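Visitor: Below are the sequence and a predicted model for it; my questions follow.
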Amino acid sequence: MKKIAYSMTSWPALQAGRKLTRSEEFAAYMRERGYGRWTIKEYRRRVAAVAFRLAEERHGLSYLRRDRVPALLQRYLRNGSVDRRMYCSALHCWLKFCGRSAVRPPAYQPWLDDYLDFLAAHRGLAASTRENYGWRLRHYLAWQFRASRPDWSKVQVEDIWRYADHCARIGQPITVKGKLGTLRKFLDFVHLRGACSPQLARAVPKVANYRMSPVRTVLTNAQRRRLLCSFDRRRPSGRRDYAMTLLMADLGLRVGEVVRLRLADVDWRRRLLSVPVVKYGHGRTVPLPKRIAAALHSYLRRARPRSDDDRLFVRDGVFVGRPLSVGAARFNLRLAYRRCGFPKNWTGTHVLRRTFATRLYAKGATMRQIADLLGHRQVTTTGVYTQVAVQAMRSLAQPWPLAS
């Protein structure tokens, strides 16, 4: 079988493939769902290339199913092709467009659904936290039962130990700790349902994770000023990104909290900000510093486009007025990191949150005060975010006593 690559697919082949895939209707479907112009173009070309190859093999498009996508890409793409993920995403999108993306749920899905409903109704966990729990438990349930129906009476303590060993071999300590902690809570739930013995939950080992030992990235004062100065506030997007970065760097908000802010969450008279629920099922109210209030006021009056949505931060450009996504906010911040010349491995937004906590701690704030501002339930969690400058501690060290 001849291997293909996107760049090697001829224009006549793409044209023939587009006729097979209802390309114009597919493009309209993606535009309605907010896909970018570049993404629509690339998805159409990749789907057309695969459709042409299927036609060469005398297969109709009915042959294309979600479970066959990996095998098809293995046959069509060259080994080590970096384009595989784009092809996979494009084909999955096309299957949704055709109404053929449904996958038969695994046999363990009812247990997972019941537990996630329990977390929402009785534990008050936010949707993002429940999604994270679901991802961790799918890993275990697929490992334990594969395609068979769950039979908890056959699960032994040794199975739990083997799974813990499996996780430890493929993951970092913090990841393993999260997976096993979630598994322990889930097995308690299964025991409450009367399906397994309490020994299974007790058998889940606890993982030591010395989270305070590595030095985590925080911005220096000079880096923080450089980052804030990197936004071009003459442009609407620059004013928006500047205000969002201030909320994360000077108020400690999570990026998910920033993009979920609504116009009604800002109390201008009392200068307070109501932070929406993202984790743990409860929000919080924090004071709105004068500098952040000025940045928000400038954005709302001079840069925010008209929109029917009440989200505080919305898109401009092609999808003007639509709510800004978490992915878009992270991407804009990564671009700012590159403009500032920061290390290439700086890709997340939590560096701003850690910087906020560290600066507060250096100014004398207590852990409890910082935890309340960050929205942490436990002070021990806040300790991960705060770091004491080594140079500042040198002055506290006593000189080594000399023998007289």
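Guide: Alright, I've got the coordinates.
Visitor: And the helices in the stretch 301-404 of the chain, which stretches?
Guide: Applying DSSP state H, counting those that start in this stretch to the stretch 301-404 of the chain gives helices spanning 326-340, 350-362, 367-374, 379-385, 390-394.
Visitor: Of these, flag the one that's most buried.
Guide: Among the helices of the stretch 301-404 of the chain, the stretch with the highest mean neighbour count (mean count of other C-beta atoms under 10 Å) is helix 350-362, at a mean of 20. Quick note: C-beta positions are derived from backbone N, CA and C, even for glycine.
Visitor: Any chance of JSON lines for the helices of the stretch 301-404 of the chain, columns distance to Val155?
Guide: Below are the helices of the stretch 301-404 of the chain laid out as JSON lines (distance: least, C-beta to C-beta, whole Å):
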{"stretch": "helix 326-340", "distance to Val155": "36"}
{"stretch": "helix 350-362", "distance to Val155": "36"}
{"stretch": "helix 367-374", "distance to Val155": "38"}
{"stretch": "helix 379-385", "distance to Val155": "31"}
{"stretch": "helix 390-394", "distance to Val155": "48"}
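Visitor: could you dump the ones you listed to TSV with mean pLDDT?
Guide: Shown next, in TSV, are those (pLDDT from 0 to 100):
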stretch	mean pLDDT
helix 326-340	91
helix 350-362	88
helix 367-374	85
helix 379-385	70
helix 390-394	48
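Visitor: So for Val314, which of those sits nearest?
Guide: The stretch from the helices of the stretch 301-404 of the chain with the least distance to Val314 (C-beta to C-beta) is helix 326-340; that distance is 10.6 Å.
Visitor: Now do that closest one against helix 350-362, angle only.
Guide: Using axes from the mean of the first three to the mean of the last three C-alpha atoms, to 10 degrees, the inter-axis angle of helix 326-340 relative to helix 350-362 is 70 degrees.
Visitor: of all the helices of the stretch 301-404 of the chain, which lies closest to Ser153?
Guide: helix 379-385 (37.1 Å).
Visitor: Render the CA-only coordinates of the closest one in CSV, please.
Guide: Only the C-alpha atoms of helix 379-385 are listed here, as CSV (Å, rounded to 0.1, in the frame of the first residue of the first chain):
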residue,chain,number,x,y,z
VAL,A,379,-3.9,25.5,53.5
THR,A,380,-1.6,22.7,52.6
THR,A,381,-2.6,23.1,48.9
THR,A,382,-1.7,26.8,49.1
GLY,A,383,1.8,25.9,50.3
VAL,A,384,2.5,24.4,46.9
TYR,A,385,1.9,27.9,45.3
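Visitor: sorry, back to before: nearest to Arg68, of the helices of the stretch 301-404 of the chain?
Guide: Smallest distance to Arg68 across those (C-beta to C-beta): 28.3 Å, for helix 326-340.
Visitor: chain center to that closest one: distance?
Guide: 14 Å (C-alpha atoms, centre = their mean, to the nearest Å).
Visitor: What of stretch 105-112?
Guide: Taking C-alpha atoms, centre = their mean, one finds stretch 105-112 lying 24 Å from the centre of the chain it belongs to.
Visitor: just stretch 164-173 next, same as before
Guide: Counting by C-alpha atoms, centre = their mean, stretch 164-173 is centred 21 Å from the centre of its parent chain.
Visitor: And the contacts of that stretch?
Guide: Trp143, Thr175, Val176, Lys179, Leu180, Val204, Pro205, Val207, Ala208, Asn209 (C-beta atoms under 8 Å, 6 or more residues apart in numbering).
Visitor: which of those lies closest to Gly256?
Guide: When the contacts of stretch 164-173 are compared for distance to Gly256 (C-beta to C-beta), Thr175 wins out at 19.8 Å.
Visitor: Report the separation between that closest one and Thr182.
Guide: 11 Å (C-beta to C-beta, to the nearest Å).
Visitor: The two: which has the busier surroundings?
Guide: For Thr175 and Thr182, the more surrounded residue by other C-beta atoms under 10 Å is Thr182, and the numbers stand at 20 against 15.
Visitor: quick one: secondary structure of that one?
Guide: Three-state call for Thr182 (DSSP: H, G, I helix; E, B strand; the rest coil): helix.
Visitor: again with Thr285
Guide: Recorded secondary structure, Thr285: strand (three-state DSSP).
Visitor: give me every residue that touches it.
Guide: Thr285 makes contacts with Leu272, Leu273, Ser274, Val275, as judged by C-beta under 8 Å, 6+ apart.
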